Every structure is written in structure tokens, then in C-alpha cells.
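Undergrad: 3D, please:
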Amino acid sequence: MDQKNWNEEWISEGFATFFEDIIQLKTSEKDDVRKCQLLDLKRLNRHQILKCDCANVDESMQCLASTENEGSATAVQNGLNRQRMVSQIPYLKGYFFLMEMCSLVGVDPFLLALKKYVERFHGCLLSTEECIHFFSDQFHHQRGDDIQVLSQRWLYHSELPEQVISTVQLNDNQLYVQVSHHLHFWKRKIEKKGGGGVAPQFSSRSASAHQLVTLLDRLLELPVRIPSYIVRDIIDHYQPHAVNADVFHRTCELIVANRYSAGLHLVNQFLVNHSAMGAYLYGELMLTNRQQFRNVAVQAYRMLKSDMDSDFSAIVLDIIS
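TA: This is a model prediction of the structure:
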């Protein structure tokens, strides 16, 4: 199955992202409460990525579906847009549409409907309207109208919901409560310009990567610049660059946002080893207007450009020029 036009890339990519979580939900040996808490944390982190992504691309690229009356001109234009190469919007908006539809009707009924969906459209190209019509028809007596509302929210409009997890849910989520405890520790240290005490540790190794992403996102949202010695302490304490690529990426954002020049070797390491994920960082490095930071972006590009896809290379060249 695949999409009929470039605008509707979510039909393939959104389903792939959605199934990552569903497979984890069905195969994890954790108890149901802990599994749901971990999935909520992942949703929170993905929503943050989506907000950042939407803030850095044209509004036309944030609508993932076109009505029949709009024709194909926009779809062709967006399909040729190089920004699509580095955007996660189709993955994440499609994911949220499917995840909220799944929450609406229940996991098992939705998986049964997905089986019928695959049987019906296997080997076909389909549009968003056909996809939505199928699921609305499957749940017509229960939630058909609500599915239409969800599609408008996530696929047909550029605006994003402010929240995907309610404050009440977060306060009941022990994984998030632990993140809040860690954030409180570092905020106190920043406000006191030092201070003693031992930094806390996350209790679950399997959940700590997602908790670290949430913590780093919250640190990036602080309205004050974090002193360099505290950025150093955060990196030394959690070793976030050694966890996975997503946590490493947030670590680099923290380094650049707080102008921590002693951590630039880590940013260079990330750009070299995770080149496809680095487009955003190239831009952030250039926006610092600090030559030392800008040099990292320029030198990394010169080192890697011969191995880059031509479109991705053009995107980075535009950023650093």
C-alpha cells in the first residue's frame, strides 16, 4: 500500500511509526500500567519533535491531505520540496492521528480493522479520503464522526493541539514524575548558581532513554541560559551522548543552545556519525553567530558532503552559506 500523491506520505510513514508503539505494547513484559506510562512519555516526546519541526518548515507542508477540489498542484510542489527530506511531520502527524483513533475505539478492535484494511488495499495506491472513509465505515455506529474530527485535526490543518497528554495523566505517570524530580534538582542548581547535593538517577534502564529525552527537552525550554559548568555536570552525570541517537541529538541541542563550547567535539561527533539527523543542528550552529560554533558546521559539511545525498547536501549548503 502506498499514497497516491506526495502530500499524503503519512499513509506509509505514519503507519510505520504507529506500529513501532503497538508492537512494543503487545510484546513488552512490563505490566499494563508501566507500558501505558512509557507510551505516554514517547507521545510527549514525539509531540515536542513535531512542534519544533512545524516551526521550521513552510505551513503548506504541515497539511498532509488535500481535498479532491484542490487538485494535484500543491502535492507536486511539496513533493519536489527538499525540506521533505529532513521533516518528520508525515511520520508524526500520521502517528498521532492513528494513535488517537486507536485510543478512541480500543486497541484490539482497531487492530482487527487494520487487518481488514490491509486485505482491502493490499497492492493499492490510496488517498487520505479513502483511508478515513474506510475506518469511519468500520466504526460507523460507534465513532465514525469522531474519526472525521480527528482527521481534520491532524491531517487537514497546520495547527497543532497544545497537548497530547493531559496534565492529570502526566501527574499520575511515575516515569514523568521522576523526570520532574530531576528537572527540579537542576533548576535549583541553576538558580543557586551552584549548590550541593547528589544528582538523582533514573530507576529503570529500559525507560531512562525516553526520560532523558523528556528531561533534556524541559531543560531546553528554560527561559535562562544554563551556565557552562552545569551543562558539563549534566553531561557527565547522565552520559546522554552514549545512550542513543535521539538522546545524543538533544544533548547537542543543549550544548549549542547554551553556547557550551567545550562540548562542541560531541556536536561534531554527532554530525559525523548521524549525518541524516543533523540538518537542524547545522542551522542552530550557524544561528549562534559565534565563529567557533559556525566552524563546526562548515567543517563537518566539508568532510561529509561527498557522501551526502545531493538534495540533503543542497539543504545543508543553503543553511551554512
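
Undergrad: where are the low-confidence patches of this protein?
TA: Flagging of the chain using pLDDT under 70 yields the residue ranges 66-86, 193-196, 206-207.

Undergrad: show me how the record splits it into domains.
TA: Domain segmentation of the chain under automatic domain parsing yields 2-154, 167-320.

Undergrad: adding distance to residue 161 and mean neighbour count, write those out as JSON lines.
TA: (C-beta placed from N, C-alpha, C; glycine too.) Formatted as JSON lines, those follow (distance: least, C-beta to C-beta, whole Å; neighbours: other C-beta atoms under 10 Å):
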{"stretch": "domain 2-154", "distance to residue 161": "7", "mean neighbour count": "17"}
{"stretch": "domain 167-320", "distance to residue 161": "14", "mean neighbour count": "16"}
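
Undergrad: which one of those lies closest to residue 160?
TA: Of all the domains of the chain, the one in closest proximity to residue 160, counting by C-beta to C-beta, is domain 2-154 (6.2 Å).

Undergrad: and that closest one, how far apart are its ends?
TA: Using C-alpha to C-alpha, to the nearest Å, the span of domain 2-154 from its first residue to its last is 19 Å.

Undergrad: ranges for the strands of the stretch 1-150 of the chain?
TA: In order along the chain, the stretch 1-150 of the chain carries the following strands (DSSP state E, counting those that start in this stretch): 2-3, 125-126.

Undergrad: okay, those strands in JSON lines with distance to residue 240 next?
TA: Shown next, in JSON lines, are the strands of the stretch 1-150 of the chain (distance: least, C-beta to C-beta, whole Å):
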{"stretch": "strand 2-3", "distance to residue 240": "36"}
{"stretch": "strand 125-126", "distance to residue 240": "41"}
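
Undergrad: for residue 149, find the nearest of these.
TA: Sorting the strands of the stretch 1-150 of the chain by C-beta to C-beta, the top spot, which is the nearest, belongs to strand 125-126 at 20.9 Å.

Undergrad: what does that closest one rub up against?
TA: 1-4, 11 (C-beta atoms under 8 Å, 6 or more residues apart in numbering).

Undergrad: repeat that for stretch 266-280.
TA: The contact list for stretch 266-280, computed with C-beta under 8 Å, 6+ apart, reads 52, 56, 86, 235, 241, 245, 248-249, 251-253, 255-256, 281-282, 285, 296-297, 299-300, 303-304, 307-308, 312, 315-316, 319.

Undergrad: that one spans what distance, first to last residue?
TA: Length of stretch 266-280, first residue to last, C-alpha to C-alpha: 15 Å.

Undergrad: just how off-centre is the helix or strand residue 265 falls within within its chain?
TA: For residue 265, the enclosing helix or strand under DSSP states H and E is helix 264-273. Using C-alpha atoms, centre = their mean, to the nearest Å, the mean C-alpha position of helix 264-273 is found 20 Å from that of the whole chain.

Undergrad: ok, now stretch 173-192?
TA: Relative to the mean C-alpha coordinate of its chain, stretch 173-192 is positioned 22 Å out (C-alpha atoms, centre = their mean).

Undergrad: cool, stretch 270-290 as well?
TA: Once both centres are worked out by C-alpha atoms, centre = their mean, stretch 270-290 turns out to sit 17 Å from its chain's centre.

Undergrad: just the terminal-to-terminal distance for it.
TA: Using C-alpha to C-alpha, the span of stretch 270-290 from its first residue to its last is 19 Å.

Undergrad: name the nearest residue to residue 12, ignoring sequence neighbours.
TA: residue 2 (5.7 Å; C-beta to C-beta, 6 or more residues apart in numbering).

Undergrad: many thanks, we can stop here.
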